[in-house]
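Undergrad: Sharing a sequence plus its predicted fold:
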Amino acid sequence: MAKFLTVLLLLVGAFGAGYYVGQRPVGTLQQSVSNLQQSLKEVSKNVMDTTLGIERDLRRRQGLVEAKSRFVQAKVYVIDQKHAEAAKELTAVIDAIETMTKGAKGDDATAALRHLVDSLRDVQLELATGKQVAFKKMEDLQQRMDQQLNK
């Protein structure tokens, strides 16, 4: 009995839905479908933009973490008076940051990273020529890297 009532209810519902859709003009239904398609396209575009933004940010952060790790190693070499090794590590830091900013938009974060690269090049040049670099200068550079990581 319950199966019979369920089948009867489904048939009445299907008939009612068909009758309702059949009474509507064709243009209204097409317009509704068109609006739905446009809203789905907008949602899809927003999702893609958000996903790509998250991916870019993740790559930037991973690059900065790698660069900071190498920079800390360069600081250790400076403390140990191994200037040639410190210069090599700073070259790797500069390469990592340049690779990270290569295809990036020209926003404030990218400009700050390029300015950081210029400062790192100055320190790397001093170390390559055998000059002593102030530890305060290295601390300031590390602090600027930390600021970029926290953005």
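TA: Perfect, thanks for sending it.
Undergrad: what residues are up against the residue lying closest to residue 147 once chain neighbours are set aside?
TA: The shortest distance from residue 147 to any non-neighbouring residue, by C-beta to C-beta, 6 or more residues apart in numbering, is to residue 112 (7.9 Å). C-beta coordinates here come from the backbone N, C-alpha and C atoms, glycine included. Listed by C-beta atoms under 8 Å, 6 or more residues apart in numbering, the contact set of residue 112 reads 144, 147-148.
Undergrad: For residue 75, the count of nearby residues, please.
TA: Number of residues near residue 75 (other C-beta atoms under 10 Å) recorded here: 19.
Undergrad: For the nearest residue in space to it that is not next to it in sequence, give me its contacts.
TA: Spatial nearest neighbour of residue 75, chain neighbours left out: residue 138 (5.2 Å); criterion: C-beta to C-beta, 6+ apart. With contact set as C-beta under 8 Å, 6+ apart, residue 138 has these partners: 74-75, 78, 123.
Undergrad: Please apply the same query to residue 94.
TA: Residue 94 touches 117, 120-121, 124, counting by C-beta under 8 Å, 6+ apart.
Undergrad: Which strand or helix spans it?
TA: In this assignment (DSSP states H and E), residue 94 forms part of helix 83-101.
Undergrad: Touching stretch 102-111 from outside, list them.
TA: Contacts of stretch 102-111 (C-beta under 8 Å, 6+ apart): 56, 60, 101, 148, 151.
Undergrad: 6 Å instead, please
TA: Residues outside stretch 102-111 that contact it (C-beta atoms under 6 Å, 6 or more residues apart in numbering) are 101, 151.
Undergrad: Mind listing what's buried along stretch 8-20?
TA: Residues of stretch 8-20 include none that count as buried (16 or more other C-beta atoms under 10 Å).
Undergrad: Please put the alpha-carbon coordinates of that stretch into PDB.
TA: In PDB, the C-alpha atoms belonging to stretch 8-20 read as follows (Å, rounded to 0.1, in the frame of the first residue of the first chain):
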ATOM      1  CA  LEU A   8       1.000   7.700  -7.200                       C
ATOM      2  CA  LEU A   9       2.600  10.700  -5.400                       C
ATOM      3  CA  LEU A  10       5.600  10.600  -7.700                       C
ATOM      4  CA  LEU A  11       3.300  10.500 -10.800                       C
ATOM      5  CA  VAL A  12       1.200  13.400  -9.600                       C
ATOM      6  CA  GLY A  13       4.400  15.400  -8.800                       C
ATOM      7  CA  ALA A  14       5.900  14.700 -12.200                       C
ATOM      8  CA  PHE A  15       2.600  15.600 -13.900                       C
ATOM      9  CA  GLY A  16       2.300  18.800 -11.900                       C
ATOM     10  CA  ALA A  17       5.900  19.800 -12.600                       C
ATOM     11  CA  GLY A  18       5.400  19.100 -16.400                       C
ATOM     12  CA  TYR A  19       2.200  21.100 -16.400                       C
ATOM     13  CA  TYR A  20       3.800  24.000 -14.600                       C
END
